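# Need coordinates for the below:
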Amino acid sequence: MKVEQIYTNCLSQGAYYIESNGEAAVIDPLREVGAYIEMASERGAKIKYVFETHFHADFVSGHLSLAKQTGSQIVFGPTAKTDFKSIIAEDNQVFEIGDIKIKVLHTPGHTMESSCYLLSDEKGEDKAIFSGDTLFLGDVGRPDLAQKSEITEQDLAGNLFDSLRAKIMPLSDDVIIYPGHGAGSACGKNMSTETVGTIGHEKATNYALRADMTKHEFINELMDGILPPPAYFSENVRLNIQGPSSANVVIKKAINPLLLADFKKLSANKNTIILDVRHQKEFVKGFIPNSIFIGIDGGFAPWVGAIIMSVETPILLVCDKDRLHETATRLSRVGFDNILGHLQGGINTWDANDLHTIYSISAEEFSSIYAKDNSIHIVDVRKVNEYNSHHISGSELFPLSNMDNHHDILSKLNYNFLHCAKGYRSVIAISLLKKQGINNVINVEGGFDAIKETAIPLSDFICTTTL
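All right, here's what the predicted structure looks like:
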């Protein structure tokens with residue numbers, strides 16, 4: 001028996017390859033399926049099943065492409081309804097893969113069709129559970145992604161409480177947990193950086209699995225502090241229900257070179273986004289007016305989804321030629337397929353006199369300015385939990401995901417000094433503000449990691465304001 005986790009850091013997502021005696025299964029595959037097919041081919045195995053734990057909201061799955069290319073069958077849990085041929089399994093239904101078995105455990109709560117898959121070995125002993133977005137390490141799935149309006153978040157949270165206690169907590173402490181996501185995913189709020197755990201450890205440490213917890217307490221704790229889901233989540237669910245096209249279709253669009261004149265003509269459409277994916281240090285030196293920065297070397301795909309929001313948005317790429325394939329692949333993972341092409345020759349094709357820049361200062365320069373005038377307006381664009389852990393005294397928290405809510409405040413001040421953790425998100429934020437005509441912004445290079453090494457006073461005052 002072979003179990004392999006294929007973890008994608010950009011999405012904080014775990015897919016799984018399982019194999020026994022010449023047969024294999026894949027759980028929650030990404031949209032680009034070549035790696036799974038190659039893995040099976042190298043080992044002389046045939047992929048028999050593609051198991052989906054639920055209709056994913058944060059990424060587009062490769063279930064349909066993988067089934068078409070391998071002849072495998074797609075399996076969803078009870079209550080799922082797809083627009084393509086699939087097996088809608090019953091609770092406790094068992095599937096055989098070589099000499100091992102996988103049992104479907106219907107665990108509604110994250111979504112109504114959410115299911116976990118319990119793996120038993122050749123001796124029939126329970127070895128591992130693939131928990132999808134039902135149970136994470138340190139957390140459980142958010143209950144606010146229901147696709148039917150009559151199902152409330154509280155209803156789902158209550159279902160999740162029951163599912164965890166009826167289906168997962170009774171398992172042996174030594175059963176391995178293979179979760180759908182880890183720290184950084186928007187599908188939970190308190191996930192561990194570890195990507196493999198055990199039932200026993202989670203029962204001992206996970207707040208949601210406390211033995212003495214009431215359902216009312218569970219619902220309240222689960223709902224507390226959940227930020228609204230990114231807008232693209234519902235569109236990804238729709239794509240996964242319909243059955244998305246191959247990732248190769250998106251890649252072909254991205255590698256389409258556009259001459260400068262054609263690029264400018266297409267960018268004249270007010271709905272089109274010019275997306276610059278270079279490193280932030282290059283972007284600040286010169287970028288095309290009205291373009292936005294989301295660098296490929298950061299949390300690219302989730303930020304594209306959170307900021308551009310609609311997967312239908314036409315996108316023009318400014319990208320180094322050797323990063324085009326990677327950029328398109330990562331856009332396809334979150335369903336942003338409407339890529340019109342890339343600027344042939346990159347940023348060097350554009351008139352240098354027509355490029356805009358971002359004024360950036362070092363943490364040391366910032367510290368000197370603060371020492372002379374601690375009333376300057378400092379904007380922290382990190383997440384609430386990061387800010388609450390430690391921040392600059394007197395700074396305001398305007399999370400990047402909610403930046404639109406603060407345009408009026410920022411536009412009225414003389415200067416706004418923006419920082420994030422390391423210098424990636426602050427450049428995203430400033431590019432968005434400049435696109436809206438707000439230019440009184442200064443970027444602090446290196447972010448909070450660099451700032452905390454200076455003499456600037458820090459605070460751990462907890463932000464309780466609605467953002």
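# now Cys116: how far from Pro78?
12 Å (Cβ to Cβ, to the nearest Å). (Glycine included, C-beta is placed from N, CA and C.)
# what about those two, which has more around it?
More crowded of Cys116 and Pro78, by other Cβ atoms under 10 Å: Cys116, with 27 against 17.
# show me what contacts that one?
Each residue near Cys116 by Cβ atoms under 8 Å, 6 or more residues apart in numbering is listed here: Thr53, Leu105, Thr107, Ile129, Phe130, Ser131, Gly132, Thr134, Leu135, Lys167, Ile168.
# would you say the fourth one is within a strand?
Spelled out, that is Ile129. Yes. Per DSSP: H, G, I helix; E, B strand; the rest coil, Ile129 lies within a strand segment.
# list the contacts for it?
Going by Cβ under 8 Å, 6+ apart, Ile129 touches 105, 116-119, 135, 168, 171, 175-178, 199.
# can I get the contacts of Cys116 in a markdown table with secondary structure, pLDDT and distance to Gly71?
Written out in a markdown table, the entries for the contacts of Cys116 read as follows (DSSP: H, G, I helix; E, B strand; the rest coil; pLDDT from 0 to 100; distance: Cβ to Cβ, whole Å):
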| residue | secondary structure | pLDDT | distance to Gly71 |
| --- | --- | --- | --- |
| Thr53 | coil | 98 | 22 |
| Leu105 | strand | 98 | 26 |
| Thr107 | coil | 98 | 29 |
| Ile129 | strand | 98 | 27 |
| Phe130 | strand | 98 | 22 |
| Ser131 | strand | 98 | 28 |
| Gly132 | strand | 98 | 24 |
| Thr134 | coil | 98 | 29 |
| Leu135 | strand | 98 | 32 |
| Lys167 | helix | 98 | 31 |
| Ile168 | helix | 98 | 32 |
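# Just the contacts of Ile129: which are in helices?
When DSSP state H is applied, these are split such that Ile199 fall in helices.
# which among the contacts of Ile129 end up buried?
Neighbour counting over the contacts of Ile129 (16 or more other Cβ atoms under 10 Å) leaves Leu105, Cys116, Tyr117, Leu118, Leu119, Leu135, Ile168, Leu171, Val175, Ile177, Tyr178, Ile199 as the buried ones.
# Can you tell me which of the residues you listed is closest to Lys2?
Top of the list for closeness to Lys2, among the buried ones among the contacts of Ile129 and by Cβ to Cβ, is Leu119 at 11.3 Å.
# excluding its backbone neighbours, what's nearest that closest one?
Leaving out its chain neighbours, the residue that sits closest to Leu119 by Cβ to Cβ, 6 or more residues apart in numbering is Ala128, at 4.5 Å.
# Quick check: the gap between that neighbour and Gln5.
Ala128 sits 10 Å away from Gln5 when distances are taken as Cβ to Cβ.
# Between the two, which contacts overlap?
Tyr178.
# mind checking pLDDT for Asn248?
As summarised for this prediction, Asn248 has a pLDDT of 89.
# follow-up on the earlier one: turn the contacts of Cys116 into JSON lines, including distance to Ile315.
JSON lines is the format used below for these (distance: Cβ to Cβ, whole Å):
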{"residue": "Thr53", "distance to Ile315": "29"}
{"residue": "Leu105", "distance to Ile315": "39"}
{"residue": "Thr107", "distance to Ile315": "36"}
{"residue": "Ile129", "distance to Ile315": "38"}
{"residue": "Phe130", "distance to Ile315": "33"}
{"residue": "Ser131", "distance to Ile315": "34"}
{"residue": "Gly132", "distance to Ile315": "30"}
{"residue": "Thr134", "distance to Ile315": "33"}
{"residue": "Leu135", "distance to Ile315": "35"}
{"residue": "Lys167", "distance to Ile315": "41"}
{"residue": "Ile168", "distance to Ile315": "40"}
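# from those residues, which single one is nearest Ala247?
For these, the residue nearest Ala247 by Cβ to Cβ is Thr53; the value is 20.2 Å.
# contacting residues for the residue nearest to Lys215 when sequence neighbours are not counted?
Spatial nearest neighbour of Lys215, chain neighbours left out: Phe161 (4.8 Å); criterion: Cβ to Cβ, 6+ apart. Phe161 makes contact with Gly109, Lys215, Phe218, Ile219, according to Cβ under 8 Å, 6+ apart.
# ditto for Asn248
The contact partners of Asn248, taken as Cβ under 8 Å, 6+ apart, number zero.
# likewise the one 10 residues further on?
Counting by Cβ under 8 Å, 6+ apart, Leu258 touches Leu266, Leu316, Leu340, Gly341, His342, Leu343, Gln344.
# And the closest residue to Ser360 other than its chain neighbours, how close does it get to Asp297?
Leaving aside its chain neighbours, Ser360 sits nearest to Asn443 (4.2 Å; criterion: Cβ to Cβ, 6+ apart). Asn443 sits at a distance of 17 Å from Asp297 (criterion: Cβ to Cβ).
# Name the member of the contacts of Phe161 that has the highest neighbour count.
Ranked by neighbour count under the definition other Cβ under 10 Å, these are headed by Gly109 with 25 neighbours.
# Would you confirm that that residue contacts Arg165?
No. Checked against Cβ atoms under 8 Å, the pair Gly109 and Arg165 is beyond contact range at 10.8 Å.
# Check the secondary structure at Gly14 for me.
Gly14 carries the three-state label strand when classified by three-state DSSP.
# neighbours of it, just the number please.
22.
# Looking at it now. What's its pLDDT?
In this prediction, Gly14 carries a pLDDT score of 97.
# roughly how far apart are it and Thr53?
Taken as Cβ to Cβ, the spacing of Gly14 relative to Thr53 amounts to 10 Å.
# all strands of the stretch 251-400 of the chain, in order?
Along the stretch 251-400 of the chain, the segments classed as strands by DSSP state E, counting those that start in this stretch run 257-258, 273-276, 292-293, 315-318, 339-343, 360-361, 377-380, 391-392, 396-397.
# The third one packs against which elements?
In terms of contacts (3 or more Cβ pairs under 8 Å, 6 or more residues apart in numbering; DSSP states H and E), strand 292-293 is packed against strand 273-276, helix 425-435.
# Give me the distance from the helix or strand just after the longest one to the chain's centre.
Put plainly, it is helix 425-435. On the C-terminal side of helix 425-435, the closest following helix or strand by DSSP states H and E is strand 441-444. Distance, stretch centre to chain centre, for strand 441-444: 26 Å (Cα atoms, centre = their mean, to the nearest Å).
# Parallel or antiparallel, which strands does strand 441-444 pair with?
strand 360-361 (parallel), strand 416-419 (parallel) (DSSP bridges).
# who touches the residue nearest to Leu119 in this structure?
Contacts of Ala128 (Cβ under 8 Å, 6+ apart): Val3, Leu118, Leu119, Val175, Ile176, Ile177, Tyr178.
# what's the pLDDT at the third one?
On the pLDDT scale, Leu119 is placed at 98.
# just the last one next, same as before
At Tyr178, the pLDDT value in this model is 98.
# Any figure for the gap between it and Gly197?
Using Cβ to Cβ, we find Tyr178 at a distance of 9 Å from Gly197.
# Done for today, thanks.
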